[in-house]
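Participant: Give me a 3D structure for the following:
(chains A and B)
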There are 2 protein chains.
Amino acid sequence: MREVAIAGVAMTDFGVSEKTCIEMFCEAACEALENSNLEPRDIDALFLGNCLGDFEEGQAHMASHVHTALGLPIGSPAWRFENACATATVAVRQAALLVGSGVYDVVLAGGTERVSAMETPLATRTFAMASHSGYSVPTGITFPGVFAMAAHMYAYKYNMDLGMLQEDMAHVSVKNHFHAAMNPKAQFQKEISVDKVLKSFMVADPLHFLDCCPFSDGASVVVVASKQKALQMTDKPIYIIGTGQAAGGPVINNPDMTRIKTREVSVAQAYKEAGVQPSEIDLCELHDCFTIAEILAIEGLGFYDFGKGHNAAKNGETRLGSKKTIINPSGGLKAKGHPIGATGAAQVTEIVEQLRGLSGKRQVEGAKIGLVDTLGGEFGTVCNLILRSHP
Amino acid sequence: MREVAIAGVAMTDFGVSEKTCIEMFCEAACEALENSNLEPRDIDALFLGNCLGDFEEGQAHMASHVHTALGLPIGSPAWRFENACATATVAVRQAALLVGSGVYDVVLAGGTERVSAMETPLATRTFAMASHSGYSVPTGITFPGVFAMAAHMYAYKYNMDLGMLQEDMAHVSVKNHFHAAMNPKAQFQKEISVDKVLKSFMVADPLHFLDCCPFSDGASVVVVASKQKALQMTDKPIYIIGTGQAAGGPVINNPDMTRIKTREVSVAQAYKEAGVQPSEIDLCELHDCFTIAEILAIEGLGFYDFGKGHNAAKNGETRLGSKKTIINPSGGLKAKGHPIGATGAAQVTEIVEQLRGLSGKRQVEGAKIGLVDTLGGEFGTVCNLILRSHP
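Facilitator: The predicted structure is shown next:
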């Protein structure tokens, strides 16, 4: 495998948009092309992530329509990927595999999603299609329920008072809102307090409203290229030095929900390929769809021992300015927003900008290595990417 | 790129099924694994094609659920692909690229679809989501309309009487039903007559009901492996010697609908990589979603000059027993059936079995090289694969 790099990155504002999925993707793609000093004719392939375009706006076969709107060459193929919330991450990883193996030189990869037109109950039900329609859906469970169960199991397993865990979780939300307040693309650029989280209404006990990420619209696009090509586009390429991806099934096959097997297997692949340890990761964009999910992730990714991650946010260890690994400096899914098919590429975008030192007020000082972590469905897909700055 | 081969192949019966998409895919996958003397633990990755599982049965994130149902290793990733009717073909091609480049040794690739639970008007509208929701859908057009326009344009461009063209198209349908009558997996194992086609009701002038492929349920799976691995699984590996894939946009960007640019670009890539000419192709499974589509395809693929393909079926040139390239010996989409997300893998399955001499009554004598052609949407994706028998 040859070295693979990222040249340009871009994302739209996350939040509520009047634009279609195709329009949002193209907006981000044009910016990413411009950042990379590329023309559409330079693109060898398009890897488009989208989860629910057919439900959301009656649009399937989206890759071909984006391809035309961007004016890419007919001979440059376009694929659509869907792996629930990990959709854009697996698209970027696939691009990295095909560039690394020499099949393509320059690939446009990312994702787009629009869900704000749906009312919350419909959106919640629609998202639940990522769970198993035979085993999980008939029980009535939706994703807040999945992660509420995980929170209960966490408190039970580690013999914690549930109220204590709720307070620890609230600190995750407060920290991510603190970061998002410095992110001009974030959906919620506003700080909140622990008290406000704990007093927000209950969604699925023990998860309050402000423990949950929002429904969001947005798109994000990444230019993945060989090192040689990337160096022609930018003097600050960011290298993809390790990747991992694992697949599992519905939550019933993962009885201990505090240990997400797919994550442990995926990130182990990525660490091995990159030849780095968790302690070397300066910052991480991870899958905080619910606050408990961030706690599970920082343990599963090896930053904290199992059962010890719950008070990292409370202690300020994962917050900008800490000496430890900074978690979700973008604001994360919780506060930056979570347009499901776009999320992975936006995580990559944040890490790339951080490693280039372009993140302004929320810059992680001296950041050299970053980790992307995205989880899809009932833990059914986890995909990880490790990025390193140009020496 | 190292040599890539296909070991086992399998497909379910095509038609109407009570099974879910996941169940059908697993049925075909188990048979393909058995044919390849493989265990689930031998699979490096799963590439699952599905178009409309969320609409059809409320099931997104299907790749992870199939992965679990099959008992594949957690560390072997699973991706879902969607490129309209070309879905399974692009999944198989992606597998070929990643095996050819040495990333994976053994990949399970294919597709699954269930649409029979939908009434015809809903299914027609749902399929139309593959066209552009901004430009095409608002005009009220659906796919029978797209291909009806193409038929009108063909008759106009080549100065043909429309009634003559309708008769020529009817011969395509008759020929494909003749082939399907010898295919125990086909949806319609029954011969029909030209008179019956011309007397069937009008769907979209000039296309009669029997010019149109059916809505179908089914799945098909292919084991793609390095030559070295394939030779451990079978003494008759079938080689993927050339592939092509092109992307375009909505029909408005393809004003001459008799010349499908994406096909011409895609198949040229495949012929070049394989180093073969159209005249060397013994048999071809191509995208006859409507009878006019077969006529356009045999011209676009280089078997006939433009404007000269319309009477190939009438003259018996594309029928079993002819000395020319046999077209759709399986019965094609028209009579074998067209479960959209599975079609490409079923085309591969037919060619592989033909090249192994296992096709019984519908065997193409002495077949050595076969071509797969699948078209998605309003010509927005075309993907081609050229397969060659083991010397």
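Participant: Not counting sequence-adjacent ones, nearest residue to the one residue in the stretch 51-200 of chain A that gets nearest to chain B?
Facilitator: Going by CB to the nearest CB, chain B is nearest to residue A:68 of the stretch 51-200 of chain A, at 2.3 Å. C-beta: built from backbone N, CA, C; applies to glycine. Leaving aside its sequence neighbours, residue A:68 sits nearest to residue B:249 (CB to CB, 6 or more residues apart in numbering or on different chains; 2.3 Å).
Participant: who touches the one you found in this structure?
Facilitator: A:64, A:65, A:67, A:68, A:69, B:132, B:378, B:380 (CB atoms under 8 Å, 6 or more residues apart in numbering or on different chains).
Participant: contacting residues for the residue lying closest to the last one once chain neighbours are set aside?
Facilitator: Using CB to CB, 6+ apart and skipping residues adjacent in sequence, the residue nearest residue B:380 is residue A:64, 3.1 Å away. Residues counted as contacts of residue A:64 (CB under 8 Å, 6+ apart) are A:78, B:83, B:84, B:247, B:248, B:249, B:376, B:377, B:380, B:381.
Participant: how about 6 Å then?
Facilitator: A:78, B:247, B:377, B:380, B:381 (CB atoms under 6 Å, 6 or more residues apart in numbering or on different chains).
Participant: Could you export the helix or strand harbouring it as PDB, keeping only the C-alpha atoms?
Facilitator: Per DSSP states H and E, residue A:64 falls inside helix A:62-70. Below are the C-alpha coordinates for helix A:62-70, written out as PDB (Å, rounded to 0.1, in the frame of the first residue of the first chain):
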ATOM      1  CA  MET A  62     -27.900  10.000  -5.600                       C
ATOM      2  CA  ALA A  63     -24.200   9.300  -6.500                       C
ATOM      3  CA  SER A  64     -25.000   9.700 -10.200                       C
ATOM      4  CA  HIS A  65     -26.900  12.900  -9.800                       C
ATOM      5  CA  VAL A  66     -24.200  14.500  -7.700                       C
ATOM      6  CA  HIS A  67     -21.700  13.300 -10.300                       C
ATOM      7  CA  THR A  68     -23.500  15.200 -13.000                       C
ATOM      8  CA  ALA A  69     -24.200  18.300 -10.900                       C
ATOM      9  CA  LEU A  70     -20.400  18.500 -10.200                       C
END
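Participant: for it, what is the average pLDDT?
Facilitator: Averaging the model's pLDDT scores along helix A:62-70 yields 96.
Participant: What residues sit buried inside the next helix or strand after it?
Facilitator: Where DSSP H and E defines the elements, the next helix or strand beyond helix A:62-70 is strand A:78-81. Neighbour-count burial for strand A:78-81, with 16 or more other CB atoms under 10 Å in any protein chain shown as criterion, is recorded at A:78, A:79, A:80, A:81.
Participant: for the first one, which residues make a bridge with it?
Facilitator: Counting by DSSP bridges, residue A:78 is bridged to residue A:46.
Participant: Compute the distance between it and residue B:129, please.
Facilitator: Noted for residue A:78: a distance of 17 Å to residue B:129, by CB to CB, to the nearest Å.
Participant: And the helices in the stretch 201-350 of chain A, which stretches?
Facilitator: Per DSSP state H, counting those that start in this stretch, the stretch 201-350 of chain A carries helices over the ranges A:227-233, A:261-274, A:291-300, A:332-336, A:343-355.
Participant: Need the ones you listed in JSON lines (columns: mean pLDDT and distance to chain B).
Facilitator: Shown next, in JSON lines, are the helices of the stretch 201-350 of chain A (pLDDT from 0 to 100; distance: least, CB to the nearest CB, whole Å):
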{"stretch": "helix A:227-233", "mean pLDDT": "97", "distance to chain B": "17"}
{"stretch": "helix A:261-274", "mean pLDDT": "97", "distance to chain B": "5"}
{"stretch": "helix A:291-300", "mean pLDDT": "98", "distance to chain B": "13"}
{"stretch": "helix A:332-336", "mean pLDDT": "98", "distance to chain B": "17"}
{"stretch": "helix A:343-355", "mean pLDDT": "98", "distance to chain B": "13"}
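Participant: next SSE after the lowest-mean-pLDDT helix or strand in chain A?
Facilitator: Within chain A, no helix or strand scores below helix A:120-127, which has a mean of 85 by mean pLDDT, DSSP states H and E. With elements assigned by DSSP H and E, the helix or strand that comes after helix A:120-127 is helix A:143-157.
Participant: Please spell out which residues along that following helix are buried.
Facilitator: Neighbour count says helix A:143-157 has A:143, A:144, A:145, A:146, A:147, A:148, A:150, A:151, A:152, A:153, A:154, A:155 buried, by 16+ other CB under 10 Å.
Participant: Please apply the same query to stretch A:360-379.
Facilitator: So for stretch A:360-379, counting by 16+ other CB under 10 Å, buried means A:362-364, A:367-379.
Participant: how long is that stretch end to end?
Facilitator: Stretch A:360-379 has an end-to-end distance of 33 Å (criterion: CA to CA, to the nearest Å).
Participant: how about the residues of chain A near chain B?
Facilitator: A:54, A:57-61, A:64-65, A:67-68, A:74-75, A:77-80, A:82, A:84, A:90, A:97, A:101, A:103, A:129-130, A:132-133, A:245-249, A:253, A:261, A:265, A:377, A:380-381 (CB under 6 Å from any CB of the partner chain).
Participant: Only the buried subset of those, as a PyMOL command please.
Facilitator: Remark: buried members of these, expressed as a PyMOL selection using 16+ other CB under 10 Å:
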select buried, chain A and resi 54+57+59+60+61+64+65+67+68+74+75+77+78+79+80+82+84+90+97+101+103+129+130+132+133+245+246+247+248+249+261+265+377+380+381
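Participant: same question for stretch A:175-183, mean pLDDT?
Facilitator: Mean predicted lDDT for stretch A:175-183 stands at 98.
Participant: how far out from the middle of the chain is it?
Facilitator: Remark: stretch A:175-183 is offset 16 Å from the chain centroid, using CA atoms, centre = their mean, to the nearest Å.
Participant: so where's the longest helix in chain A?
Facilitator: helix A:162-180 (DSSP state H).
Participant: Looking at the stretch 201-350 of chain A, which residue is nearest chain B?
Facilitator: residue A:249 (2.3 Å).
Participant: List phi and psi for that residue.
Facilitator: Residue A:249 adopts backbone torsions of phi -130, psi -150, taken as degrees, to the nearest 10.
Participant: Residue A:138: neighbour count?
Facilitator: Using other CB atoms under 10 Å in any protein chain shown as the criterion, residue A:138 is surrounded by 9 other residues.
Participant: roughly how far apart are it and residue B:19?
Facilitator: 17 Å.
Participant: do residue A:303 as well
Facilitator: 43 Å.
Participant: what does residue A:290 give?
Facilitator: 34 Å.
Participant: So for those two, which sits in the more crowded spot?
Facilitator: Each of residue A:290 and residue B:19 has its neighbours counted (other CB under 10 Å); residue A:290 has more, 27 against 16.
Participant: Just list whatever residues bridge to the more buried one.
Facilitator: residue A:212.
Participant: Just list the residues touching the closest residue to chain B within the stretch 251-391 of chain A, thanks.
Facilitator: At 3.0 Å from chain B, residue A:380 is the closest residue in the stretch 251-391 of chain A, using CB to the nearest CB. Residues near residue A:380 by CB under 6 Å, 6+ apart: A:248, A:249, B:61, B:64.
Participant: Alright, I will stop here.
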